[in-house]
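Enquirer: Generate coordinates for the sequence data below:
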Amino acid sequence: MFTKSIYAYTDMLQRIGLNPKELGAVMLPVEPFDIFGEGRDQLLDVEDLYVSEDPELWWVNGDVSDKAHITLRYGLLTPAYEQKENVDELLADWDMPEYFVPERITFFPSNVPSDPNYAAIVVEIDDPHLEEAHARLSYLPHVNTFPKYRSHMTIAYVRLAAAQRWMDVLSDAQFHIYVKEGGLDYGEKK
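Expert: Residues are numbered from 1 along each chain as shown. This next block holds a predicted model:
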């Protein structure tokens, strides 16, 4: 199965003038998850958290659980905040649940060739509501940055060497993912 991200094709991206770091997104904000709670502070080392030195990778910022969200659509050619009306129309009658049940905790190794030393610790969610929102938002002009949509919530960025341990420790956590009041996040100009 083809699993490369768009970052594997940096030469092609330069030729067509596309910077994936500038693509728009629609996100569903969720309540924070305390990664160090319930005794996990004894098992996880804060020194494992990874913050990228590349200002273009501003989102790779250690513990991001306080900004937790589920990305409904990434890769928009026009930022979502510039086409809020279109996003709202596509999702007007979308049935958004109050919470989601986590499927599993795993990690995604960095797909950015300029900074391969980290992994994103994510909570994967298998829910048809998320698949539907993603499909609806796919009517907007976009590029796919991965071959397949994997609905997930990123909770931390850690050193790649520590990712397996973090996944193992966090896999024992029992929780639900509650949607924050206030609706969607349309991104912001960076």
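
Enquirer: Helix or strand next in line after the top helix by length along the chain, which one?
Expert: Across the chain, the longest stretch assigned as helix under DSSP state H is helix 128-137. Later in the chain than helix 128-137, the nearest helix or strand by DSSP states H and E is strand 152-159.

Enquirer: Mind listing residues that contact that following strand?
Expert: With Cβ atoms under 8 Å, 6 or more residues apart in numbering as the test, strand 152-159 has contacts from 30, 33, 35, 48-52, 60-65, 68-71, 107, 117-125, 166, 170, 177. Where you see a C-beta, it was placed from the backbone N, CA and C, and this is true even at glycine.

Enquirer: From the residues you listed, list the buried ones, please.
Expert: Neighbour-count burial (16 or more other Cβ atoms under 10 Å) is assigned, among the contacts of strand 152-159, to 30, 33, 35, 48-50, 52, 60, 63-65, 68-71, 107, 118-123, 125, 166, 170, 177.

Enquirer: Pretty sure P97 sits against I125.
Expert: No. When contacts are counted by Cβ atoms under 8 Å, P97 is not listed as touching I125 (10.3 Å).

Enquirer: tell me what the longest helix of the chain is packed against?
Expert: Judged by 3 or more Cβ pairs under 8 Å, 6 or more residues apart in numbering; DSSP states H and E, helix 128-137 is in contact with strand 24-29, strand 69-76, helix 84-90.

Enquirer: quick check, distance from that helix to the centre of its chain.
Expert: 15 Å (Cα atoms, centre = their mean, to the nearest Å).

Enquirer: That one to strand 152-159, inter-axis angle?
Expert: In terms of direction (axes from the mean of the first three to the mean of the last three Cα atoms, to 10 degrees), helix 128-137 departs from strand 152-159 by 90 degrees.

Enquirer: buried stuff in helix 128-137?
Expert: Buried-residue list, helix 128-137, by 16+ other Cβ under 10 Å: H129, L130, A133, H134, R136, L137.
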